[in-house]
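> What would the 3D arrangement of this be:
(one chain, ligands or ions: 3)
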Amino acid sequence: MTSTELTTGATAFIPGPASPYQGDIARYWDGEARPVNLRLGDVDGLYHHHYGIGDIDHAALGDTGDGGYENRLISELHRLESAQTEVLLDHLGPIGRGDTLLDAGCGRGGSMVMAHQRFGCDVEGVTLSAKQAEFANRRALELGIDDHVRARVCNMLDTPLERGQVAASWNNESSMYVDLEDLFAEHSRVLTVGGRYVTITGCWNPRYGQPSKWVSQINAHFECNIHSRREYFRAMANNRLVPQAVIDLTPETLPYWELRATSSLVTGIETAFINSYKDGSFQYLLIAADRV
Ligand SMILES: C[S@@+](CC[C@H](N)C(=O)[O-])C[C@H]1O[C@@H](n2cnc3c(N)ncnc32)[C@H](O)[C@@H]1O
Ligand SMILES: CC(C)=CCC/C(C)=C/COP(=O)(O)OP(=O)(O)O
Ligand SMILES: [Mg+2]
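Ligands and ions are numbered 1, 2, ... in the order given. All right, here's what the predicted structure looks like:
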C-alpha cells in the first residue's frame, strides 16, 4: 500500500501496483498520448486502445488526392475499431438494464460507453493507469452516464468486485499484460454462474512453433507478454470457463492494418502486425466462454 496526501489534508490509502512490472505498465499508459489513438477518438468521443476489423468502405474513403482524405482515413480506422467492440458486445449474451459488466483493462473507456449505450446496464472498468481512469470518468460525466459507467485504478487480478457480481466480463486487448491462470481465476470469481466471459486478443500460434521475431517485436513495443492460443484454452479449462465460440479474426483485421500503414499516424509497429498475421505466427482471436 502507498499513502497519498490529498489536497483536503486527509491521508487516503490507495493500493499501489502489485509488482514492479505493473508499475511500469501504469507509467506506460499514464504517459501514452499517441495521435493514432487521440485523433481517432476525437471523431465521436469514443476512445479506444484496440485495433479494427471489417472491410474498408472505399466509397467513404474516396480519393487520396483531395484535401479531406486524411480525415476520412482517420474516421474509417475509427469505424473499424468501434466495429471490433460491437463484435465483442455481440458475444456477451443477453444483458439486462439491471446487470453489471466488468471491463478488465478498460483503457480510456470506449468499450464501456458502448456497452452501456447498448444494454443500459452498469459497467465497471479497471485499469492500472490513473490518467486513463480519470479520462474515462470524465467522458462518462460529459455524457451524463457517470452513474452507470465507472473506471477505477486497480489490478484486474484482484478487483474489489464481489463474488458472482457480474453478468459478463471481458478483456479487450488487455490479457497480454497478466498471467492467464490468475486472470481467469478472478473472472471466474466475479462472474455469476452461467455468465459470459469474452476476450479479443492477439496470441501466438502454437502451429508456428514459438513466438516469431514479429511477436517478440510487438512484445517489446508495448512491454507486454503475448500468450499462445494453447495457453488461453488451458487456463480457461482450469478456471471453469468453457469456450462457447472461437473466432479467428485475423483475416478481418488485416485490412485495418494495411490501411493504417498508409496513414500519416503510423507508429512503426504496423509491419510487425502485418507480417506476423501473414506468416501465420500470430492470430487475432475472439473467445467467448461460459462460466460454469
Ligand atoms: C491496450 S489497452 C486496452 C484498453 C481497452 N480494453 C480498449 O479496448 O480500449 C490495455 C489496458 O490494460 C490495462 N492493464 C494492463 N494490466 C492490467 C492489470 N494488471 N490490471 C488492470 N488493468 C491492466 C492497461 O492499464 C490498459 O488500460
Ligand atoms: C493485439 C495486441 C498484441 C495488442 C497489444 C495491446 C495493445 C497495446 C493494444 C492497442 O493499444 P493502442 O491502441 O494504444 O495501440 P496503438 O497506439 O498501436 O494504436
Ligand atoms: Mg490504437
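> Where does residue 206 sit: helix, strand or coil?
The three-state label for residue 206, taken from DSSP: H, G, I helix; E, B strand; the rest coil, comes out as coil.
> which element is the closest residue to it other than its chain neighbours on?
Take residue 206 and drop its neighbours on the chain: the residue closest to it by C-beta to C-beta, 6 or more residues apart in numbering is residue 230, 4.7 Å away. For glycine as for every other residue, the C-beta is placed from the backbone atoms N, C-alpha and C. Assigned by DSSP states H and E, residue 230 belongs to helix 229-237.
> ok, the residue nearest to residue 206 touching residue 205?
No. Contact criterion C-beta atoms under 8 Å: residue 230 and residue 205 do not qualify, at 9.2 Å.
> before we move on, the earlier item: check which residues of whichever helix or strand comes after the helix holding residue 230 are buried.
Sequence order places strand 241-248 as the next helix or strand after helix 229-237, per DSSP H and E. Using 16 or more other C-beta atoms under 10 Å as the test for burial, strand 241-248 gives residue 241.
> Check which helices and strands strand 241-248 sits against.
Counting contacts by 3 or more C-beta pairs under 8 Å, 6 or more residues apart in numbering; DSSP states H and E, strand 241-248 packs against helix 180-190, helix 229-237, strand 282-291.
> tell me what the next helix or strand along the chain from it is packed against?
Heading C-terminal from strand 241-248, the first helix or strand you meet, by DSSP H and E, is helix 250-260. Contacts defined by 3+ C-beta pairs under 8 Å, 6+ apart place helix 250-260 against helix 69-90, helix 270-278, strand 282-291.
> Briefly note if helix 250-260 comes near ligand 2.
No. Helix 250-260 stays clear of ligand 2 (C-beta under 6 Å from any ligand atom), getting no nearer than 8.1 Å.
> relative orientation of that helix and helix 69-90 in degrees?
In terms of direction (axes from the mean of the first three to the mean of the last three C-alpha atoms, to 10 degrees), helix 250-260 departs from helix 69-90 by 160 degrees.
> hmm, back to that, settle it for me: which of residue 230 and residue 205 has more neighbours?
residue 205 (22 against 13; other C-beta atoms under 10 Å).
> Now this protein against ligand 2: closest residue?
residue 202 (3.0 Å; C-beta to the nearest ligand atom).
> and of the helices and strands packed on strand 241-248, who's closest to residue 80?
Closest approach to residue 80 among these (C-beta to C-beta): strand 282-291, 12.3 Å.
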